[in-house]
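Colleague: Fold the following and give me the result.
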Amino acid sequence: MKYFIAIDSGGYKTESILFDQTGKVHAYARGRGANAFDIGVAEASDRIRDAAENMRARMPEGGEIASVFGSISVSYYYPEIEQRLSRQFGKAKCKMDSVVSSVMAAGLGKEDGVCLISGTGSYCCVRQKDEEHRHYIGSSGYMLDTGGSGYVLGQKALIATQRERDGRGPATLLTPILEAEMGETLREHLPVIYAGGRAYISSFAQAVFAARKQGDEVATRIFDEEVDYFAEAMQTAYRIIGHPYRGVLGGGVFLHVPEYTEAVIQHAPEGCHMQLLDTPTLYGGALEALWLAGETDNYDFKSRFLYSFARQAGENTGW
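Modeller: Prediction:
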């Protein structure tokens, strides 16, 4: 029987699955994120290699790997990650693509449309069939443009707390919420924040949503600014496409914060239909792996995948 490996890796985590051509998931694993902008291409490549090898090691005896597909942060800039996988898997077809690819496959199939992602980082991508490449709006990493992401939300929460503590900014509920989570003051916690890096900073995004629910003005302003970021991106996508479109939202922040997701959807241009991804991102990766090997999904592929994925992943996923 043919088997396939799909990998989804961002700044926070790397998830991988082994599945067969019927859609049955045989193995699942979750490890550390593998964004080469964060950890360097060598370490990112090692983590992707290890994830893929872990799946191959769990393949039933007598099987063969037909393809390996990965949605990997900033993989576009580091083709050596794909080249290393190709050497590792010999005859199997290997492809490493942007993190938007799996979300688009799962939510849009092969149709034109728009993808928004809010996780540790953020993406806005326009796909049109008559273009050889996707058009990215922003999506250039935390040093330049990752608005609407968990990282930016968390960073702004930390800055607001710092500004209150040093007398420059207004009082905000963000301060007690964050410092209760830290177990110490922000200034005392600085070594932990810098050691934790971008993924750790993004974990403080939840404070924005918690303080906003309690009517905090600073948190509400931060929330609105990041919703506006995605609203601008959707308007830009409309100008690029030139007509109403379908779009899909993915990523951990959108998945777990419905009020944020709904606020973004409400700002979609007139006639456009945006919806939250209703399957695991790895379902899209599975489709891409199938298509890469020249296979097609049959009518019960999706239902078998979702059932077996839930059994394999258990509490490690939101699905």
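Colleague: My guess is residue 185 contacts residue 165. True?
Modeller: Yes. Residue 185 is within contact range of residue 165, at 7.2 Å (criterion: Cβ atoms under 8 Å). To be clear about C-beta, it is placed using only N, CA and C from the backbone, and glycine gets the same treatment.
Colleague: Could I get the full set of helices for the chain?
Modeller: Taking DSSP state H, the helices of the chain run over residues 36-39, 41-57, 79-89, 100-108, 150-165, 174-182, 186-202, 205-213, 217-241, 252-256, 258-266, 281-292, 301-313.
Colleague: Residue 23: which of those helices is closest?
Modeller: With Cβ to Cβ, the closest approach to residue 23 among the helices of the chain belongs to helix 301-313: 3.8 Å.
Colleague: Now do the closest one against helix 281-292, angle only.
Modeller: For helix 301-313 against helix 281-292, the angle by axes from the mean of the first three to the mean of the last three Cα atoms, to 10 degrees is 130 degrees.
Colleague: what comes into contact with helix 301-313?
Modeller: If you take Cβ atoms under 8 Å, 6 or more residues apart in numbering as the criterion, helix 301-313 is touched by 17, 19, 22-28, 30, 279-280, 282-283, 286, 290, 317, 319.
Colleague: Quick one: the helices of the chain as TSV, columns for mean neighbour count too.
Modeller: As requested, the helices of the chain are exported to TSV (neighbours: other Cβ atoms under 10 Å):
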stretch	mean neighbour count
helix 36-39	20
helix 41-57	19
helix 79-89	17
helix 100-108	26
helix 150-165	22
helix 174-182	18
helix 186-202	15
helix 205-213	22
helix 217-241	19
helix 252-256	21
helix 258-266	17
helix 281-292	25
helix 301-313	17
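Colleague: Mind telling me which of these the model trusts least?
Modeller: Lowest mean pLDDT within these: helix 36-39, at a mean of 83.
Colleague: List the contacts of that one.
Modeller: By Cβ under 8 Å, 6+ apart, helix 36-39 touches 11, 33, 43-45, 47, 73-75, 77-78, 81, 141-142, 197-199.
Colleague: Swap in 7 Å and give it another go.
Modeller: For helix 36-39, the external contacting residues (Cβ atoms under 7 Å, 6 or more residues apart in numbering) are 11, 44, 74, 78, 141, 197, 198.
Colleague: Hmm, the last one is touching residue 11, no?
Modeller: To tie it back to what came earlier, the one meant is residue 198. Yes. Residue 198 lies in contact with residue 11 (Cβ atoms under 7 Å); the separation is 5.8 Å.
Colleague: Mind listing the shared neighbours of those two?
Modeller: The contact lists of residue 198 and residue 11 share 38, 120, where a contact means Cβ under 7 Å, 6+ apart.
Colleague: For the residue nearest the centre of the chain, give me its contacts.
Modeller: Most central in the chain under Cα atoms, centre = their mean is residue 251, positioned 4.1 Å from the mean C-alpha point. For residue 251, the residues meeting the contact criterion (Cβ under 7 Å, 6+ apart) are 117, 118, 119.
Colleague: so how far is residue 104 from it?
Modeller: For residue 251, the distance to residue 104 equals 13 Å [Cβ to Cβ, to the nearest Å].
Colleague: what about residue 140, neighbour count?
Modeller: 14 (other Cβ atoms under 10 Å).
Colleague: how near is it to residue 100?
Modeller: Counting by Cβ to Cβ, the gap from residue 140 to residue 100 is 13 Å.
Colleague: Can you name the residues that contact residue 88?
Modeller: 49, 52.
Colleague: mind redoing it with 8 Å?
Modeller: 49, 52, 53, 94.
Colleague: Which members of these define the maximum pairwise distance?
Modeller: Pairwise distances across those (Cβ to Cβ) peak at 12.6 Å, for the pair 53 and 94.
Colleague: from the contacts of helix 301-313, which would you call buried?
Modeller: With burial judged by 16 or more other Cβ atoms under 10 Å, the buried subset of the contacts of helix 301-313 is 17, 19, 23-28, 279-280, 282-283, 286, 290, 317.
Colleague: possible to save the helices of the chain as a markdown table with distance to residue 7?
Modeller: As requested, the helices of the chain are exported to a markdown table (distance: least, Cβ to Cβ, whole Å):
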| stretch | distance to residue 7 |
| --- | --- |
| helix 36-39 | 14 |
| helix 41-57 | 6 |
| helix 79-89 | 9 |
| helix 100-108 | 9 |
| helix 150-165 | 21 |
| helix 174-182 | 31 |
| helix 186-202 | 18 |
| helix 205-213 | 25 |
| helix 217-241 | 26 |
| helix 252-256 | 17 |
| helix 258-266 | 25 |
| helix 281-292 | 7 |
| helix 301-313 | 14 |
